[in-house]
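Visitor: have a look; sequence and predicted model below, questions after that.
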There are 2 protein chains.
Amino acid sequence: MAVWILRYGHRRMRDARASTHVALAARALGASGVIFEGDEDEALMERLRKIAREWGGEFEIRHTKSWMGEAERFKKKGGILVHLTMYGWPLQESIGEIRAGEKDCLVLVGSQKVPVEAYQMADFNVGVTNQPHSEIAALAVFLDRYFEGAELRREFAGARKRVAPSKIGKSIISCNEERQV
Amino acid sequence: MAVWILRYGHRRMRDARASTHVALAARALGASGVIFEGDEDEALMERLRKIAREWGGEFEIRHTKSWMGEAERFKKKGGILVHLTMYGWPLQESIGEIRAGEKDCLVLVGSQKVPVEAYQMADFNVGVTNQPHSEIAALAVFLDRYFEGAELRREFAGARKRVAPSKIGKSIISCNEERQV
């Protein structure tokens, strides 16, 4: 079961930082890629690709002109569309059914207000609480619940940099065994 | 066991949105309050207080001139300081010990680079993965693990607005039984 994130309505100026958080959290917490809808922000995508190359693993980053087209193609291939929204059905009551389906997930998160069609197309509208908060936080909890913590132990193959976890300080290891390109 | 968030190094212009995400995610996911260090951003805090009043529950929002003073006072009263950092010890290996202590937590999250003294003062430097990502995402996973999901079922007393969870659409209920002030 693999998860991609569909970031709806990215705006180059206003959303650069929040979209960066969405993409990096998605990568760190086990997603396979992020697809941006809205502004085609090549600079943002290149920054993210650079981080992904340095820190390893496979993570797809691309733009789409149509969130609906992406969702349709994804569903046609047998995947499901999960829409994270404060109006949705509680995560704790949805996640069991979502996991039980054993299907790939496309997780839609908005930056701008999400159109009503997204609610209709979604196989699951899911609320990580029904309180106003953060799509980044909601996505993080969703991924941790979806992967049941396995994502926290994930190795990122081919990393040029990695952290040596520490209880007291900080250190980054350059992976010398890795060929620098 | 109660949790407060200490947001280090808030900058009025640059961090307004990310700090809003931190505070709202903290509130939605069971924290008791957020304390901002850095710029004293009264407009941000007032926006957050307004949301907290509308959506109910108790949530403290204030500024401090000294993150270190806050941390010292908190620890003197018997609480512990948890610092979320990609350099820290893995969450899944830390959370058991943190919970077992049954102490209030002050959770330090940076916007700017966090000074070395924070690593030294922290009772736990915790990595929600050791990958570069988002302090908002890290905080969300930490809170969900700390409260073991109980935070998702939390009621927010005195709310003027609440969502009626829905599998297919969206609706907000104005709580008419609530006196409007």
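Guide: Cool, the structure landed. Since this is a predicted model, take the numbers as computed values, not measurements.
Visitor: excluding chain neighbours, what is closest to the residue sitting nearest the centre point of chain A?
Guide: Nearest residue to the geometric centre of chain A (C-alpha atoms, centre = their mean): A:Ala26, 3.3 Å. Nearest-residue entry for A:Ala26: A:Ile5, 4.6 Å, with adjacent residues in sequence omitted and distances by C-beta to C-beta, 6 or more residues apart in numbering or on different chains. Just so you know, the C-beta spots here come from the backbone N, C-alpha and C atoms, and that holds for glycine as well.
Visitor: gap between that neighbour and B:Gly149?
Guide: 22 Å (C-beta to C-beta, to the nearest Å).
Visitor: show me where chain A has its strands.
Guide: Applying DSSP state E to chain A gives strands spanning A:3-10, A:33-38, A:60-64, A:80-90, A:105-110, A:124-127, A:161-163, A:172-174.
Visitor: just checking: what are the partner strands of the longest one?
Guide: Note on strand A:80-90: by DSSP bridges, its sheet partners are strand A:105-110 (parallel), strand A:124-127 (parallel).
Visitor: dump the C-alpha coordinates for it into CSV.
Guide: Coordinates of each C-alpha in strand A:80-90 appear next as CSV, following Å, rounded to 0.1, in the frame of the first residue of the first chain:
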residue,chain,number,x,y,z
ILE,A,80,-8.7,5.4,-3.5
LEU,A,81,-9.0,9.1,-2.9
VAL,A,82,-8.8,10.3,0.7
HIS,A,83,-9.6,13.9,1.4
LEU,A,84,-8.4,15.4,4.7
THR,A,85,-10.9,18.0,5.9
MET,A,86,-12.1,19.2,9.3
TYR,A,87,-15.6,18.5,8.1
GLY,A,88,-14.9,14.8,7.5
TRP,A,89,-15.6,11.6,9.4
PRO,A,90,-13.3,11.1,12.4
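Visitor: please identify the buried residues of that strand?
Guide: Of the residues in strand A:80-90, A:Ile80, A:Leu81, A:Val82, A:His83, A:Leu84, A:Thr85, A:Met86, A:Tyr87, A:Gly88, A:Trp89 count as buried by neighbour count, 16 or more other C-beta atoms under 10 Å in any protein chain shown.
Visitor: quick one: the second one and A:Asp123 touch, right?
Guide: Yes. A:Leu81 is within contact range of A:Asp123, at 5.3 Å (criterion: C-beta atoms under 8 Å).
Visitor: ok, the closest residue to A:Lys113 other than its chain neighbours - how many residues close by?
Guide: Excluding its sequence neighbours, the residue lying closest to A:Lys113 (C-beta to C-beta, 6+ apart) is A:Gly9, at 7.7 Å. If you count neighbours by other C-beta atoms under 10 Å in any protein chain shown, A:Gly9 ends up with 19.
Visitor: assess the claim that A:Gly9 and A:Gly38 are in contact.
Guide: Yes. Between A:Gly9 and A:Gly38 there is a contact at 4.5 Å, judged by C-beta under 8 Å.
Visitor: joint contacts of the two?
Guide: Common contact partners of A:Gly9 and A:Gly38 (C-beta atoms under 8 Å, 6 or more residues apart in numbering or on different chains): A:Asp15, A:Ser111, A:Gln112.
Visitor: any low-confidence regions in chain A?
Guide: Scanning chain A with the threshold set as pLDDT under 70 gives A:176-181.
Visitor: if we use 50, what do you get?
Guide: Where chain A drops to pLDDT under 50, the residues are A:178-181.
Visitor: max-length helix in it?
Guide: Secondary structure of chain A per DSSP state H: the longest helix is helix A:12-28.
Visitor: now it against strand B:80-90, angle please.
Guide: Helix A:12-28 and strand B:80-90 are oriented at 70 degrees to each other (axes from the mean of the first three to the mean of the last three C-alpha atoms, to 10 degrees).
Visitor: how many residues are close by A:Gly69?
Guide: Other residues within reach of A:Gly69, judged by other C-beta under 10 Å, total 11.
Visitor: ok, the one 3 residues further on next?
Guide: Residues within reach of A:Glu72, counting by other C-beta under 10 Å, total 13.
Visitor: which residue is the nearest non-sequential neighbour of it?
Guide: A:Met121 (7.8 Å).
Visitor: count of neighbours near the one you found?
Guide: Other residues lying near A:Met121 total 17 when counted by other C-beta under 10 Å.
Visitor: what's the answer for A:Glu102, then?
Guide: With other C-beta under 10 Å as criterion, A:Glu102 counts 7.
Visitor: ok, what's across the strand from the residue nearest to A:Ala26?
Guide: Residues in beta-bridge contact with A:Ile5 (DSSP bridges): A:Val34, A:Val107.
Visitor: what's near enough to touch A:Gln112?
Guide: With C-beta under 8 Å, 6+ apart, A:Gln112 has these contacts: A:Tyr8, A:Gly9, A:Arg11, A:Gly38.
Visitor: who's more crowded, A:Ile5 and B:Gly149?
Guide: A:Ile5 (25 against 13).
Visitor: so A:Ser171 sits right up against A:Pro165, yeah?
Guide: No. Assessed by C-beta under 8 Å, A:Ser171 is found out of contact with A:Pro165, at 9.2 Å.
Visitor: now do the phi/psi pair for the nearest residue to A:Leu143 once chain neighbours are set aside.
Guide: Distances taken as C-beta to C-beta, 6+ apart place A:Leu29 nearest to A:Leu143, at 4.0 Å, with adjacent residues excluded. Phi and psi for A:Leu29, reported as degrees, to the nearest 10, are phi -100, psi 30.
Visitor: is it true that A:Leu29 touches A:Glu151?
Guide: Yes. At 5.0 Å, A:Leu29 counts as touching A:Glu151 under the criterion of C-beta under 8 Å.
Visitor: got any residues that touch both of those two?
Guide: Looking at what touches both A:Leu29 and A:Glu151 (by C-beta under 8 Å, 6+ apart), the common residues are A:Leu143, A:Asp144, B:Thr129.
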